[in-house]
Structure formats: structure tokens, C-alpha cells
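Undergrad: I'll drop the sequence and a predicted model, then ask my questions.
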Amino acid sequence: MRADRLLSLLMLIQSRGQMTAQELADELEVSERTIYRDITSLSAAGIPVYASRGPGGGVRLIEEYRTTLTGLTPDETRALFMMSIPAPLMQLGMGEKLKGALLKLSASLPEPRRADEARTRQRIHLDSSWWFQAEQQVPCLQTIQQALWQDRRLRIKVRRDFFNTEFEQEAEPYGLVAKANIWYLVYGCEGAPKVTRVSQIVEAELTPEGFARPPEFQLEAFWEKWCREYESQPPFCARVRVSPEALPMLAEYMGERARAQLRHRPSPDQDGRVTLDLPFESFISARTRLLGLGRAVEVLEPETLRRSLIDFAEQIVGFYKNT
């Protein structure tokens, strides 16, 4: 949203020559204070925008800059044209707005620079989606976004698929975060910030009550800290014997934690199998991943995981024998 607003502010000043902070605030539907913060950000980024006081004053660009339009270097222009519209922005309803902003920027460039757009897009494409990952359904995203902008409490129903349970609670929405094209809601509940996937929210209802966001809360700082803590949690470990043919694919299948184990793996036994302690996010994650490896990996410990794998394998065999 802020990047889109900065581009719109720049385009307005460039096309109209000079505007007052109040006129800009009315046009962009923000406060004058926000406009002055945006002007400071543009100046810090090297864009020669300034505000003059008194009658006839306002916000404008220096004339030399206006004749060169954006003032972007060729490398900066290419960087902008490398941008694809990420799926999370499309889900927020902001994809077309960003596309429109980039089109306006392209139209304002000198003719020689416009050719860079097609040239860049034909040579570099950024795809942020994962392999074999269907787009998650987020039917409540628009309601959550509305609550965020209005600082209103939500009544949400959350489903935990693994446990086949649902629960309701009131939430004070602090922010939305898109990580690897998956939306997460950061919200306050019972005086503490919590995180849940938006796809797990099956119902969301705006309540009439507003709430005051904690003045010290910073979304980006909270998210970085939460991710560090999440990744540093003691993992669920399973001791396994891995067949020699499965070793080359194990690192790619299991991720970075498995790579660390493989780099320091012990010598194979007489059957060529290697015993490893593999880390997983949870018991359920371990069972799901190890089932996919079939007989290439034998679980030695813990016994509860062995029994669970046996149970699931027997269910699968029984099902297909009877169909």
C-alpha cells in the first residue's frame, strides 16, 4: 500500500506541477501528517521533492527533475520492470492498482527508456510460487483487511485440520503477513500477540467495537522475532535408517536441517544403510514425510512414531485390497 501511495504522490506532483499537502491528502485519502512523512521518504530516496510555506506554496519537484520525469537510472528502471504482481497482492485486491501504477510510470518515461520494459520482461521473470502448491483459499481475507484498516475487533472461527477441531475467539487484528505466498494474521488475544494462517480462519465477523493498537507494536520487528523463535524451537527428532539409494534425495526432500545431518553422517552399516537423527516440525510432520519415503527409510525411534506408521500403512493396504 505505501509503495503504491508514494508512486501515486509522485505522479500527482509531476503531472500537476504543484499541490498543497491538504490537496494531496484529499486525493490520496490520508492525513496531512502522512503526506509529510511520504515527502520525507521520497527525499531520503534521492527524489528532489520539496515543500514551500506561505501563500502560493505547496509540494513540488525541481524543474530539472520534471524534465527527466522519474529521475530513475537505467538499472533502477529495470528493477521496477522485473516486478511481477505477487499472488498475495492479487488476493488483497491490490494487484490491478500496482499494475496501474507501473503502467503510469512506464508512460512517463522518456522514449528510449520505455524500450527497457519489454526488453527486461523478456529476459527476467520472477515466480514466487512454490512447486506443486495450490493457492490457498482465504475467504475471510477481505473482512480481515477491513478490520485492520478500521482498527475493529473480529470474531473468528479457526479450524485445525490435523485435529479436526474448530474454536471461536475474539481477535484484535494487528497485521497481515504474506510468507511464501501464505497469509498469516498477527492478532492480539487475551493481552498477547498470536499468529495463525488466514486459510485456517473459516469465519470472520466484524464487531462494532474498536481497539487501540499497542503503541510499541511494530509488525515487521514482531514477525522477524516470531520467525526466529519458531525456527529455533526444539524440533521433533526421529532416529531412522536410510537406504543408500535414498540418501541423495533426502536433503532436497527434508530441507536444510537434514542437510546438516547428512554433512556429518556416520559410516554406513553392513547393508549400506546410514543411521540419522532427522528433525521435524512436529510428530504429524514426521509421519507425513516419512510415509512418503516408503521402505527407503526405517524408523527406529520413537516407538510411538513407528506404531503410527504401521497403523497408517495397514489402513492404506486394507483400503486398497478391499476396493
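TA: Sure thing, it's come through.
Undergrad: Check which residues of stretch 119-138 are buried.
TA: Buried residues in stretch 119-138, counted by 16 or more other Cβ atoms under 10 Å: 120, 138. Any C-beta I mention is one placed from the backbone N, CA and C, and that applies to glycine too.
Undergrad: typo on my end, stretch 35-53
TA: Across stretch 35-53, burial judged by 16+ other Cβ under 10 Å covers 35, 38-39, 42, 47, 49, 51.
Undergrad: try stretch 156-175
TA: Neighbour-count burial for stretch 156-175 flags 156, 158, 170-175 (criterion: 16+ other Cβ under 10 Å).
Undergrad: And for stretch 76-96?
TA: By neighbour count on 16+ other Cβ under 10 Å, the buried set for stretch 76-96 is 77-78, 80-81, 86-89, 91-92, 94-95.
Undergrad: by contact count, what packs against the longest strand along the chain?
TA: Taking DSSP state E as the criterion, the chain has its longest strand at strand 165-179. Where contact means 3 or more Cβ pairs under 8 Å, 6 or more residues apart in numbering; DSSP states H and E, strand 165-179 is packed against helix 141-150, strand 152-160, strand 182-189, helix 219-232.
Undergrad: Tell me which of the ones you listed is the most buried.
TA: Counting by mean count of other Cβ atoms under 10 Å, strand 182-189 has the highest mean neighbour count of the helices and strands packed on strand 165-179, with a mean of 20.
Undergrad: for that one, packing partners?
TA: Based on contacts counted as 3+ Cβ pairs under 8 Å, 6+ apart, the elements that strand 182-189 packs against are strand 165-179, strand 192-197, helix 219-232.
Undergrad: Can you pull the poorly scored residue ranges out of this structure?
TA: By pLDDT under 70, the low-scoring segments of the chain are 1-4, 15, 63-72, 84-85, 103, 106-115, 132-133, 161-164, 234, 255-257.
Undergrad: Where does the record place the domain boundaries for it?
TA: Domain ranges of the chain: 2-121, 141-232, 236-321, per automatic domain parsing.
Undergrad: Which of those domains sits closest to S129?
TA: Within the domains of the chain, the stretch nearest S129 is domain 141-232; the backing value is 5.8 Å (Cβ to Cβ).
Undergrad: which of the residues in the longest helix along the chain are buried?
TA: Taking DSSP state H as the criterion, the chain has its longest helix at helix 303-321. Judged by neighbour count using 16+ other Cβ under 10 Å, the buried positions of helix 303-321 are 305, 308-309.
Undergrad: Could you list every helix and strand in contact with that helix?
TA: helix 283-291, strand 297-301.
Undergrad: Extract the C-alpha trace of the shortest one and format it as CSV.
TA: Put plainly, it is strand 297-301. Written as CSV, here are the backbone C-alpha positions of strand 297-301 (Å, rounded to 0.1, in the frame of the first residue of the first chain):
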residue,chain,number,x,y,z
VAL,A,297,13.6,-45.2,5.5
GLU,A,298,13.1,-47.3,8.6
VAL,A,299,12.1,-45.5,11.8
LEU,A,300,14.0,-46.8,14.9
GLU,A,301,12.8,-44.3,17.5
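Undergrad: if I've got this straight, L278 is in a helix?
TA: No. Read with DSSP: H, G, I helix; E, B strand; the rest coil, L278 is strand and lies in no helix.
Undergrad: wouldn't it be in contact with A238 here?
TA: Yes. Counting by Cβ atoms under 8 Å, L278 does reach A238; the two are 5.4 Å apart.
Undergrad: Show me whatever sits in contact with both of those two.
TA: The overlap between the contact sets of L278 and A238 (Cβ atoms under 8 Å, 6 or more residues apart in numbering) consists of A286.
Undergrad: G93 contacts Q142, correct?
TA: Yes. Counting by Cβ under 8 Å, G93 touches Q142, with 7.2 Å between them.
Undergrad: show me the contacts for the residue lying farthest from the centre of the chain.
TA: Here the centre of the chain is the reference, and by Cα atoms, centre = their mean the most remote residue is Q270, at 46.4 Å. Contacts for Q270 (Cβ under 8 Å, 6+ apart) come out as none.
Undergrad: roughly how far apart are it and E301?
TA: 21 Å (Cβ to Cβ, to the nearest Å).
Undergrad: Excluding chain neighbours, what is closest to F217?
TA: Y174 (6.0 Å; Cβ to Cβ, 6 or more residues apart in numbering).
Undergrad: Now distance to Q261 too, for the buried residues of stretch 156-175, in CSV please.
TA: Listed next are those as CSV, based on distance: Cβ to Cβ, whole Å:
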residue, distance to Q261
I156, 39
V158, 34
E170, 43
A171, 39
E172, 41
P173, 39
Y174, 37
G175, 35
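Undergrad: now, which of those residues sits nearest R60?
TA: G175 (33.9 Å).
Undergrad: how about the nearest residue to that closest one, chain neighbours excluded?
TA: Nearest residue to G175 in three dimensions, chain neighbours excluded: L219, at 4.0 Å (Cβ to Cβ, 6+ apart).
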